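> fold the following, please.
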Amino acid sequence: MKVIIVGGVAAGATAAARIRRLDEQAEIIVFERSGYVSYANCGLPYYIGDIITDPEELTLQTPESFFRRFRINMKVRHEVTAIHPERKTVSVKNLESGEEFEESYDKLILSPGAKPAQPRLPGVGLDKLFTLRTVEDTLRIKEYIRKNKPKSAVLAGGGFISIELAENLRNLGMDVTIVQRPKQLMNPFDADMAAFIHSEARKHGLKLALGFTVEGFEEKDGGVDVLLKDNAPLHADMVVLAIGVSPDTALAKEAGLELGVKGSIVVNERMETSVPDIYAGGDAVQVKHYVSGEDTVISLAGPANKQGRIIADNVCGGDSRYLGSQGSSVIKVFDMTAAATGLNETNARKAGLDVETVILSPMSHASYYPGGKLMTMKVVFEKGTYRLLGAQIVGYEGVDKRIDVLATAIHAGLKATQLKNLDLAYAPPYSSAKDPVNMAGFMVENIASGILKQWHLSELDRLPRDGSVTLLDTRTPAEYASGSIEGFVNIPLDELRERIDEVEEGKPVYVICQSGLRSYIASRILTAKGFEVYNFSGGYRYYDAVVNDRALIERAYSCGMDK
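A predicted model of the protein is given here:
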């Protein structure tokens, strides 16, 4: 059996190695357009920022090491220019010598990945304008910084690569601005959870131009002007386009393979394309979202590697299936960690689901053990069925652990109410006896049983201010004095029983505290006295972060820049 693989990074390299482990006799040839194989895309920004200092650390394997270990021919700087399914060959061009030839195959695996989105804007192609996708891109940026010592950079786009690169450029002492058309960074997160990411970014000196549209680029005064719609341009010594990626599927399209969302390659559960003996995996393929069941494109390393393994199994006569992508992800934002899995609230609603959320602010470990840090957790579930749909967490410790537990729970089909049953490891330096994941389950169970009724930030502007409801803040007087929501009266929780006659009977009570715990206890006290009570989801800490972030974004847009 002769196997040709187009693309030698995540899915392609994984498939190649797995095929060899399953079939010692197979002839395996990998054609990779760039000069590197099996490299760590996710580590590229950290090489630019001198966190990773040895460029060889970026490549997990070389063509030589692959051949020594697996007897696989990794042909770098070779571009497959055409696929001929009718005669089971591919056309290949040696980018160094210019030689062109055809190579036959029994099985063909496409792993072309994705390419940086290149908008058709004036000025694209300037010398000081970069993209970051390959090792070559990384070395080019690194060399430009070494030679020119730029003092400022504008990054167009607010996703993973942009934020990681922004952090690394800041650590090099550069003045960095992120420009993003949506009014938030990191679309896997809801806008309320992104507010915490924004705060951390600003705290470390990043400038955020959210809600701004880039219209072009001009060389000026030795740097680049980033032209913005309805706003003054931003000037910088260098610009990086990081506005996303699109499936690199020109080859597949020309060969007549069926394409789907965003021009991605359509595959079945076995990762087979519409053409016999051609498989595809990685960032170029359409997958099913594991939670919503909708067709989508999810460009992450984890799914790509799994798909490469599944392809190899099936090429070698097995029957492996890819069940879909959940979009589990995590990112370091300076000192903060932000992670998400499944559907966020925004996308769940777009998918037509009737959703509810719980928002909590647990400690990373037992509060009595020194060094605990707050995290903010948002769990999304379906009303009525309590099907667990997704989760987002931002914090400083223990975030990755909890998101992986929640990702596993979603994959296992657990209901949100069942999170309370999970038997999770506990010791004071690592967790609490009631782990944050368990706490989320307790809250959902309280909703399911009718013990807890919530109100959300989206309802705040609709709350009556005519005296027909009671608005109650149960924090301490000092907390209340440091900031409160207009119209809310302060009765501290520990005084509520003695002062309950100050709460007018016959009116619904909307209650808030700092994190949601004290107001929940207050709601139980009031409910026992016959009141109809709604507890604010997230607490004042959450309210303050989200409302302040929205104000900063709007002020930045009206003034032309985030201050």
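
> okay, the strand or helix carrying Ala11 in PDB with CA atoms only?
Under the criterion DSSP states H and E, the helix or strand holding Ala11 is helix 10-22. Output of helix 10-22 as PDB, limited to C-alpha atoms (Å, rounded to 0.1, in the frame of the first residue of the first chain):
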ATOM      1  CA  ALA A  10      -0.800  18.000  13.000                       C
ATOM      2  CA  ALA A  11      -3.200  15.600  11.300                       C
ATOM      3  CA  GLY A  12      -0.700  14.700   8.500                       C
ATOM      4  CA  ALA A  13       2.200  13.900  10.800                       C
ATOM      5  CA  THR A  14       0.000  12.000  13.200                       C
ATOM      6  CA  ALA A  15      -1.500   9.900  10.400                       C
ATOM      7  CA  ALA A  16       1.900   9.100   9.000                       C
ATOM      8  CA  ALA A  17       3.300   7.800  12.300                       C
ATOM      9  CA  ARG A  18       0.200   5.900  13.100                       C
ATOM     10  CA  ILE A  19       0.100   4.200   9.700                       C
ATOM     11  CA  ARG A  20       3.600   3.000  10.200                       C
ATOM     12  CA  ARG A  21       2.800   1.600  13.600                       C
ATOM     13  CA  LEU A  22       0.000  -0.300  12.000                       C
END
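
> so for that helix, mean pLDDT?
Per-region confidence: helix 10-22 scores 95 on mean pLDDT.

> and it, what's buried?
The neighbour-count check on helix 10-22 (16 or more other Cβ atoms under 10 Å) flags Ala10, Ala11, Gly12, Ala13, Thr14, Ala15, Ala16, Ala17, Arg18, Ile19, Arg20 as buried. All C-beta spots, glycine's among them, are computed from the backbone N, C-alpha and C.

> go on, stretch 490-502?
Neighbour-count burial for stretch 490-502, counted by 16+ other Cβ under 10 Å, picks out Ile491, Pro492, Leu493, Leu496, Ile500.

> with stretch 282-302 instead?
Judged by neighbour count (16+ other Cβ under 10 Å), stretch 282-302 contains these buried residues: 282-292, 296-301.

> go on, stretch 412-423?
Residues Leu414, Lys415, Ala416, Thr417, Gln418, Leu419, Lys420 are the ones in stretch 412-423 that count as buried (16+ other Cβ under 10 Å).

> check stretch 467-482 too.
Judged by neighbour count (16+ other Cβ under 10 Å), stretch 467-482 contains these buried residues: Val469, Thr470, Leu471, Leu472, Asp473, Thr474, Arg475, Thr476, Glu479, Tyr480.

> distance between it and the chain's centre?
Averaging C-alpha coordinates over stretch 467-482 and over its chain gives two centres that are 36 Å apart (Cα atoms, centre = their mean, to the nearest Å).

> contacting residues around it?
Residues external to stretch 467-482 that are found in contact with it (Cβ atoms under 8 Å, 6 or more residues apart in numbering): 463, 484-485, 487-493, 496, 503-504, 507-514, 518-519, 522, 540.

> show the residue spans covered by the strands in the stretch 151-300 of the chain.
With DSSP state E, counting those that start in this stretch applied, the stretch 151-300 of the chain shows strands at 152-156, 175-180, 207-210, 214-220, 223-228, 231-236, 238-241, 245-247, 265-266, 278-280, 285-288, 295-296, listed in chain order.

> wait, the stretch 451-563 of the chain
Shown for the stretch 451-563 of the chain, the strands assigned by DSSP E, counting those that start in this stretch span residues 454-455, 470-473, 489-490, 509-512, 533-536.

> want to throw the ones you listed into TSV with mean pLDDT?
What follows is the strands of the stretch 451-563 of the chain, written out as TSV (pLDDT from 0 to 100):
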stretch	mean pLDDT
strand 454-455	98
strand 470-473	98
strand 489-490	98
strand 509-512	98
strand 533-536	98
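
> how about those strands, which one is nearest Ser432?
The closest approach between Ser432 and any of the strands of the stretch 451-563 of the chain, judged by Cβ to Cβ, belongs to strand 533-536 at 21.0 Å.

> output the contacting helices and strands for the closest one.
Using 3 or more Cβ pairs under 8 Å, 6 or more residues apart in numbering; DSSP states H and E as the contact criterion, the secondary-structure elements in contact with strand 533-536 are strand 454-455, strand 509-512, helix 517-528.

> what mean pLDDT does the last one get?
On average, the pLDDT along helix 517-528 is 97.

> residues contacting that helix, please?
Contacts made with helix 517-528 from outside it, assessed by Cβ under 8 Å, 6+ apart, are listed as 446, 451-453, 472, 474-475, 493, 496-497, 500, 503, 509, 511-513, 533-536, 539.

> and the next helix or strand past the lowest-mean-pLDDT helix or strand in the chain?
Least confident helix or strand of the chain, by mean pLDDT, DSSP states H and E, is strand 114-116 with a mean of 85. Toward the C-terminus, strand 114-116 is succeeded by strand 129-131 as the next helix or strand (DSSP H and E).

> so what's the gap between that next one and the chain middle?
Per Cα atoms, centre = their mean, the displacement of strand 129-131 from the mean C-alpha position of its chain is 22 Å.

> coming back round to it: what lines up beside the least confident helix or strand of the chain in the sheet?
Partner strands and pairing direction for strand 114-116 (DSSP bridges) are strand 245-247 (antiparallel).

> check contacts around Val275.
For Val275, the contacting residues are Pro85, Ala255, Gly256, Leu257, by Cβ under 8 Å, 6+ apart.

> the last one against Asp277, yeah?
No: under the contact definition of Cβ atoms under 8 Å, Leu257 does not touch Asp277, with a separation of 11.9 Å.

> neighbour count winner among those two?
The neighbour count for Leu257 versus Asp277, taken as other Cβ atoms under 10 Å, is higher for Leu257 (20 against 15).
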